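**Q** Structural data only, the sequence is not supplied:
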């Protein structure tokens, strides 16, 4: 059976495995002091056009969100997020477990509106009791969002401006960043992100790696003794080469972008297939996650033919479901899909 | 240059990489719901002779220690450990960061003495102010210890008995468990450990895997909703297969024991080499970590010829250094060592 | 100048000070083991009709909320609250600082709706990804609410039923409980609360004491080693008698109810004064906090004549302000108010 | 029965109660914005000869230790303390509960030795693995110590020098500071402490107040938004006047020093009584806590005649016990003691 259930149902891009094998018997220092990690960081700095950036490698997305947020906030600060933000819904309260409130603003197809963010912050400082409240200490956005949508460059600039105005960092969760960058409908480049954000990460787990996220502190703003913080959180790999080799591979000869592009091409093909057959879309997503509205009976019918994920109920007889493409999706997969829906 | 610096300077056992490749293009559920994870858990239950055990997979040792300890303790409880215990020294305060005190008892070549453990607990309950103190809520031991030493079966039984008497769990850190089990000087089997401990883990990172530790809750005592706790701590891999495939490989046809045995054989050979050349040992270790006393000038001389780790200063002109063997150490490595020291 | 700014702008009811003096030179055990604390607990059990209840004394409201919530929740659980709940807005993120998410449901004049609570919980368990989310682990309500409003007995029963259905505790924040119990518009008694809640507290700070809240665990459900938890949170008074004497006084001869009744009588008189002069009310509050809509110019005019608190802006030229009565408010205060507004 | 069990078995100094009554019906702002709090802070700055100091009032000692330590440390830092330090033994793990390790150095009658402190810090920075360890981030000392002993001025200067050398704050726990300052055997003044420490507190609870500790940040080094941190920890009194009035009273006309002096005079008289009767001392304490060695039979005999606290067992038939004097101890109490021992 072909599956579009998510973008982490298969292993890694073959070149990653190849390089893991090639480097396997080399001696390398532990804890991220290996050559591959250094090389990967350098290549990421280059691709971001940010020579002064500091790049660190962590294992997964929730881990990255928790550690970055906790280490950049004071105890009296919380993080602003869309209500639908991954940190606010699907990370088992990781941010709160590390002591910080998530200050939710409405999510519009996953995105926050600059005006809402600005209002939350200015209302806070206007409040006579603000010392009894949680300070807005950071803005968290995901790009692509949990709904596959993207910020425009002008939106990112506006959000960045608000953060600068109030001296709080802008943190961009790029668990699926590649798919956002290679979308047909975006005017945002990775160097825009490096220029506008204080910290962001380049997702590996969902873009062809076995695991791993590359965190980019864009301007000499890595929290002090960040390695100790990573260790304290149980996130420091003894064999840091596992992350180093993977990201070094992904950022050699543009592999990261190439495989992201494949996912976008296949997503567009998938959209056409559904559109042509008259299906309605739950959200207009320009990235690799596509949300289609299916009737309950159709869902039942397709269940054994193709893999997808139930997203949410729309009405008594319809549900939104998610089809995700990835680096591994092929034309044959799309053809197969066409034949069964 | 040949290096004995530690047991995590190379990649993974080739069979692991082989199986990662073999399974790479299969669809597998995320978050540990894949077939490999299930199979690995089953094989570990079998090898432990513990059909009722629950086996979970985490990424690294500090992460495992932090999560297991925090999820098994109440807020008013601390964990007893040797002063030299990994959790007390080299985990960047991870246990305290999750809210718990490490209650240190003296370490004797890395081991705790049952009498010290018993005294700490009974003194606590005898103390009129014990409600103002931290309750001893768990005993943490490492086996092999950080100094390569091992508990005897009778010591383990005594420690287990004390824990049962006071109704606190016994937790064994087996980051290098394989090397302990295959030592020439041990009467402890993995089923002894499964029988005597409430929870322990089988280290992968330092015994041939790229990463990963298999946590065994021996008797239906997994903390409730442990998956959510893992997620909250940022320790849940989306591609859980990475851990599943590795442990499934390690526990197929006794690979874990076979490669551990290789490390022990090479460690014994290494000991002979040093002994024959008249070197003194810092500690008498029956496992893969060997601690030799070298003069400062010898250290200087060897620095460019062979890799090892400085452990601690002994006197003005001597230091203890560590040579570690592993699954990957060869007879040629030992021959080389012999030729340079 | 007369002030209605809040219910904690004056000291303590004179009888409390009298008894502090009377008992001052008696030897008493520390940490709540004094006779007054025991006597106060017994009197509270009696007035609640809850002989099996356990009563503990803490210093302030935020402290009580933080400690009760943290000690009754598991790490993977959060607490349901109205968006406007004190714990969600005005406690500087104390609940999150102790590791737990506040799961907000809409507040209607400060109250949660049973249907919203039920939906939040059932949606959670219906969600396929609930293990990646925070479990609803407790329901927090305030009575009176932060807006002075009250639950009816039938609403409390419904909320209690939902909590029982899902086996989560119902926690009632009674920082101003006396004013709720003595309202002219309530059918809820303190024994109803003791019967329907798993834990609640009887506010002292805002009802005539210098400080102090009496926490009632209604049915042998005090968290284990709660004294150690109190100490760990820095909330254990060495001179526990300070709380014991105050609550013993408040619960002798019905003083707590008598002084609460005074506040209600004066609040009703205050309402009449405003109503007769044609002022509009922001909320219809049956307790000691009254919320009036004043024009900006009226606020300016009154500023030097009478104390009150700015609550929130209603429109371009009007704001809601709060006038609070208390145990100390006199008929003369009301007459004065009448003369200046 | 007369009791010397501790210095918090009676209420408050009568002048404190007098002033609580005198100020009771005055309107005062909440949360420490009252006139008494401001006046008390000003008087403390004066008595410390530290016009630039910031003075804050908290409720109890453990609370103060926890909040000060947590708010002045980074997540990767721990606090150095004597093994016998209050924070290391008798605060139910409050420091660890807020995420920080206590780095214990040997206690000598409760005091740390500068050489041990220096060694711990320099060993840390010499350690090749220090990034995997907890940074020494603060030095905590108590003065008087838990054993009634005192640092000399030269010891304090040396400790302060070490802290400056390594840029870590020196924090002095003065829960019983008055008794230290008024000791016959000290060359340390309160302005020495204000000059040498980065933060310290002046204990009220054990020196005549009902509750309260005055925290002095000596040089514009109050943690940012400290009020919010206090609130978050549940330590902010709505009726902050309770602390303001008490400390304003204690620091008017030298009352704090006068009542501390009384305790010292009575302690010296008590020492003479025991010495004359041939009793042995467990420790040579120059402050209000006296530790005497009593035989088990003598303890039994005295149990119903006079109050004291069991400290620790010395041998099979003897125990050390504590007799504490206070502001309230009278000549008659000492005479009575003489007559019964």
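**A** Yep, it's here. The model shown is predicted, which means the values in this text are computed figures rather than measured ones.

**Q** what's the helix or strand where residue A:323 lies packed up against?
**A** Counting by DSSP states H and E, the element that carries residue A:323 is strand A:318-324. In terms of contacts (3 or more CB pairs under 8 Å, 6 or more residues apart in numbering or on different chains; DSSP states H and E), strand A:318-324 is packed against strand A:289-295, helix A:296-302, strand A:309-315. Every residue, glycine included, has its C-beta placed from N, CA and C.

**Q** Taking strand A:289-295 as reference, get the angle to that strand.
**A** For strand A:318-324 against strand A:289-295, the angle by axes from the mean of the first three to the mean of the last three CA atoms, to 10 degrees is 150 degrees.

**Q** right, and the helices and strands packed on strand A:318-324 - which one's nearest chain C?
**A** Closest approach to chain C among the helices and strands packed on strand A:318-324 (CB to the nearest CB): strand A:309-315, 6.4 Å.

**Q** tell me the angle of that closest one relative to strand A:289-295?
**A** Using the same axes, to 10 degrees, the inter-axis angle of strand A:309-315 relative to strand A:289-295 is 50 degrees.

**Q** Say whether chain B is contacted by strand A:309-315.
**A** No: counting by CB under 8 Å from any CB of the partner chain, chain B has no neighbours in strand A:309-315; the shortest distance is 10.4 Å.

**Q** what's the helix or strand for residue A:329?
**A** Using DSSP H and E, residue A:329 falls outside every helix and strand.

**Q** quick one: it and residue A:263 touch, right?
**A** Yes: judged on CB atoms under 8 Å, residue A:329 makes contact with residue A:263 at a distance of 6.3 Å.

**Q** sorry, back to before: need the helices and strands packed on strand A:318-324 in TSV (columns: distance to chain D, mean pLDDT and mean neighbour count).
**A** Listed next are the helices and strands packed on strand A:318-324 as TSV, based on distance: least, CB to the nearest CB, whole Å; pLDDT from 0 to 100; neighbours: other CB atoms under 10 Å in any protein chain shown:
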stretch	distance to chain D	mean pLDDT	mean neighbour count
strand A:289-295	35	97	21
helix A:296-302	46	96	13
strand A:309-315	35	93	13
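
**Q** With distance to residue C:191 as extra columns, can I get the ones you listed in CSV?
**A** As requested, the helices and strands packed on strand A:318-324 are exported to CSV (distance: least, CB to CB, whole Å):
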stretch, distance to residue C:191
strand A:289-295, 52
helix A:296-302, 49
strand A:309-315, 43
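
**Q** ok, back up a step: more neighbours, residue A:329 and residue A:263?
**A** Neighbour comparison, residue A:329 and residue A:263: the larger count goes to residue A:263, with 27 against 24 (by other CB atoms under 10 Å in any protein chain shown).

**Q** From residue B:30, how far out is that one?
**A** Going from residue A:263 to residue B:30 by CB to CB, to the nearest Å gives 17 Å.

**Q** Who are the contact partners of the most centrally placed residue in chain A?
**A** Central residue of chain A (CA atoms, centre = their mean): residue A:175, 2.0 Å from the mean position. Shown in contact with residue A:175 (CB atoms under 8 Å, 6 or more residues apart in numbering or on different chains): A:61, A:86, A:142, A:201, A:203, A:205, A:206, A:213.

**Q** Looking at the residues you listed, which two lie furthest apart in space?
**A** Farthest apart among these by CB to CB are A:142 and A:205. That separation is 14.1 Å.

**Q** and stretch A:137-156, anywhere near chain C?
**A** No: shown here: stretch A:137-156 not in contact with chain C (CB under 8 Å from any CB), separated by at least 10.4 Å.
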